[in-house]
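Colleague: Need a 3D model of the following:
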Amino acid sequence: MDLRSGEYGCSHYKRRCKIRAPCCGEIFDCRHCHNEAKNSLQIDLRDRHEIPRNEIKKVICSLCNTEQDVSQYCSICGVCMGKYFCAKCNFFDDNVSRNQYHCDGCGICRTGGKENFFHCDRCGCCYCISVKDSHRCIEGAMHHNCPVCFEYLFDSTKDISLLPCGHTIHLECLKEMGVHFQFSCPVCSRSVCDMSDVWHKLDQAVAATPVPQMYQNKMVWILCNDCGMRSNIHFHIVAHKCPGCSSYNTRQTRCGPTECSRI
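Modeller: Numbers count the residues shown, from 1 in each chain. Got it, this is the predicted structure:
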């Protein structure tokens, strides 16, 4: 590690200190380095754990190797351990271009600039200010694992996307779903984007595909994943269109609205 050349810190953060984990007493570059090491497959399942970030009490200066109480500046050599410092999270980072800020509602530091985000008390997380008046509230929206990769979302360092249905997912996981032509929420099955162009193409496919005579009078019950409406419509071998919202994001059910409750 060369502090003069700018090669310091770890793959997660640029900082001039290391931390002593209060849980196991070992020294790591940051909490992510600790969690990766202590949750690896090589560690016995009974010994796996994550660091309680708020309980970190000691840091080690990378310049003079002095172990000391948590502080932004080394008590011996005076080096700044991180241009961004949060005493609540015991967090250091020299890369201030990330526009870090501490959110008291979340209880952790976020990136992107405090002026660009707001904390939703019901969802229990920070969202972009542009969706403040339009987002769908879901209690604890990010206090769960990503439905694709199963990484815990709330304190993930990866970009997170808020879906129109209110559920959350890693942005890179959402893009990966698109590569495999998956455009519905893994949690509730609602469409994750404007699908009107796709529905128009399905309209054309349905119109161009005659139904075999034996199925021409067949009726089926469908449930629309987008609007929740149940309908009794004519069966088609290509797809079934919701008469309420014109979505083809539907599925067949075995009962009607009198037998099944509407969602």
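Colleague: What segments of this structure are helices?
Modeller: For the chain, the helices defined by DSSP state H cover 31-38, 171-179, 196-208.
Colleague: right, so of the ones you listed, which gets closest to residue 25?
Modeller: Smallest distance to residue 25 across the helices of the chain (Cβ to Cβ): 11.2 Å, for helix 31-38. (C-beta placed from N, C-alpha, C; glycine too.)
Colleague: rewinding a little: buried deepest among the helices of the chain, which one?
Modeller: Mean neighbours per residue, mean count of other Cβ atoms under 10 Å, is largest over the helices of the chain for helix 31-38, with a mean of 18.
Colleague: how far does that helix sit from the chain's center?
Modeller: 19 Å (Cα atoms, centre = their mean, to the nearest Å).
Colleague: picking that back up, would you turn the helices of the chain into a markdown table with distance to residue 8 and mean pLDDT?
Modeller: Shown next, in a markdown table, are the helices of the chain (distance: least, Cβ to Cβ, whole Å; pLDDT from 0 to 100):
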| stretch | distance to residue 8 | mean pLDDT |
| --- | --- | --- |
| helix 31-38 | 14 | 93 |
| helix 171-179 | 27 | 95 |
| helix 196-208 | 49 | 96 |
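Colleague: Of all those, which one is nearest residue 190?
Modeller: helix 171-179 (13.3 Å).
Colleague: who touches the closest one?
Modeller: With Cβ atoms under 8 Å, 6 or more residues apart in numbering as the test, helix 171-179 has contacts from 146-149, 158-161, 163, 183, 186, 192.
Colleague: Just the buried residues out of those residues, in PyMOL syntax.
Modeller: A single PyMOL command is used to select the members of the contacts of helix 171-179 judged buried by 16 or more other Cβ atoms under 10 Å:
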select buried, resi 146+147+160+163+183+186+192
